[in-house]
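> give me coordinates for this.
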Amino acid sequence: MRILLEKTDEEHPLAIAEIIEELAAYNIRAERKSLYSDFELLRQFGLDIETQRSNTTRYYIAQRQFELPELKLLVDAAQSCRFISKKKSEVLIKKLSSLTSTEQAKQLRRQVYISDRVKTINESVYYNIDRIHYAINNNKKITFKYFDYDESKKQIFRKQGNLYKATPAALCWNEDKYYLITYTEHYDSYTHYRVDRMSAVTALEENGDKIDKSKFNIAQYTKRVFGMFNGEIVRARLSFDNSYANVVFDHFGKDVRIISADGGWFDILADVSVSPVFFAWIFTFGDKAKIKEPENLIAEMKLLIGKIKNQYSD
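Down below sits the predicted model:
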């Protein structure tokens, strides 16, 4: 089974004589007749062993649990994830490569370009995610420390290094970053944290706060919280040039409410998080986007524009 899985695919079948030679490397003596019964037993076990007939009959594994295009997709995801360290990405890709033949694994390795990707430097992310999943599935609270990096890549812990304690509600991958969304019953509110900036994650025996899942929609939460940056949630009327319709619908979803469309522009109503990330997003459209309501949001944008203008004044 190992020989067939590792050495064969549709483009690289093995003849009986070659399989006997491969078995000899394991100090296993085999005969042609015994291999036929072995093939049948492996087929009953679930292996999809097919044959190619020309001058000689050759054998190979046809269907596998993962097809090569699927593995290529997973490898690309593993190498692109910023919240997985370079070292962990390499380990994961090596494991994914073992799910296909040796020759096809070479195609997976050819597309790996990890060295030039921006990756996390927190090696504990893998294990943090595992503990968080356990706590979510078993409705348990967790404790953890939360930190930022300074200019020397040194971890500076918030709250003087004291532990955070919360009920994990969901894990969310947003804009190439992995976040934990937590719930606090006392305040009936949700907060989120970058998983790659968490350490000392521990699942407690204490039961988590009861979460009303009918009121919590993770998709809506991530849409309105720009860049997962905490801020006051307000209903805003935003106006965009028609040329940016794809970008706006990609962000808010096609179910966003359009309240007018005229003169090459369209207006939407959406809940947004009032934060620097939101204003920065609006800035990316230049003069092709405008905040129309509410007034306090317009005032904050004007204040920010003034500060930026002063930054470049002589």
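> off-centre distance for stretch 290-301?
Centroid displacement of stretch 290-301 relative to its chain, using CA atoms, centre = their mean, to the nearest Å, is 33 Å.
> so what touches stretch 60-76?
Contact partners of stretch 60-76, identified using CB atoms under 8 Å, 6 or more residues apart in numbering, comprise 4-5, 8-10, 12-14, 47-52, 93, 96-97, 99-101, 104, 107-108, 111-112. (Glycine included, C-beta is placed from N, CA and C.)
> buried residues in the helix ranked longest in the chain, which are they?
Ranked by residue count, the top helix of the chain under DSSP state H comes out as helix 295-311. By neighbour count with 16 or more other CB atoms under 10 Å, helix 295-311 contains the buried residues L297, M301.
> what's next to it, contact-wise?
Identification of contacts with helix 295-311 by CB under 8 Å, 6+ apart yields V234, A236, V274, P276, F279, I282, I291, K292.
> where does the protein have low pLDDT?
110-123, 151, 223-224, 226-228, 230 (pLDDT under 70).
> so where do the strands sit in it?
14-15, 49-53, 57-61, 140-149, 155-157, 164-174, 177-184, 189-194, 198-207, 232-241, 257-262, 265-274, 289-293 (DSSP state E).
> packing partners of the shortest one?
Translated: strand 14-15. Helices and strands touching strand 14-15, as assessed by 3 or more CB pairs under 8 Å, 6 or more residues apart in numbering; DSSP states H and E, comprise helix 2-7, strand 57-61.
> for the ones you listed, which one sits closest to K165?
The closest of the helices and strands packed on strand 14-15 to K165 is helix 2-7. By CB to CB, the value is 46.4 Å.
> and the angle for the longest helix of the chain with strand 265-274?
80 degrees (axes from the mean of the first three to the mean of the last three CA atoms, to 10 degrees).
> just the C-alpha atoms of helix 295-311, please, in PDB.
Provided in PDB are the C-alpha atoms of helix 295-311 (Å, rounded to 0.1, in the frame of the first residue of the first chain):
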ATOM      1  CA  GLU A 295     -23.300  64.400  10.900                       C
ATOM      2  CA  ASN A 296     -21.000  63.300  13.700                       C
ATOM      3  CA  LEU A 297     -19.300  60.800  11.400                       C
ATOM      4  CA  ILE A 298     -18.800  63.600   8.800                       C
ATOM      5  CA  ALA A 299     -17.300  65.900  11.500                       C
ATOM      6  CA  GLU A 300     -14.800  63.200  12.500                       C
ATOM      7  CA  MET A 301     -13.800  62.700   8.900                       C
ATOM      8  CA  LYS A 302     -13.300  66.500   8.500                       C
ATOM      9  CA  LEU A 303     -11.200  66.600  11.700                       C
ATOM     10  CA  LEU A 304      -9.000  63.800  10.400                       C
ATOM     11  CA  ILE A 305      -8.600  65.500   7.000                       C
ATOM     12  CA  GLY A 306      -7.500  68.700   8.800                       C
ATOM     13  CA  LYS A 307      -4.900  66.800  10.900                       C
ATOM     14  CA  ILE A 308      -3.500  65.100   7.800                       C
ATOM     15  CA  LYS A 309      -3.400  68.500   6.000                       C
ATOM     16  CA  ASN A 310      -1.500  70.000   8.900                       C
ATOM     17  CA  GLN A 311       0.900  67.100   8.800                       C
END
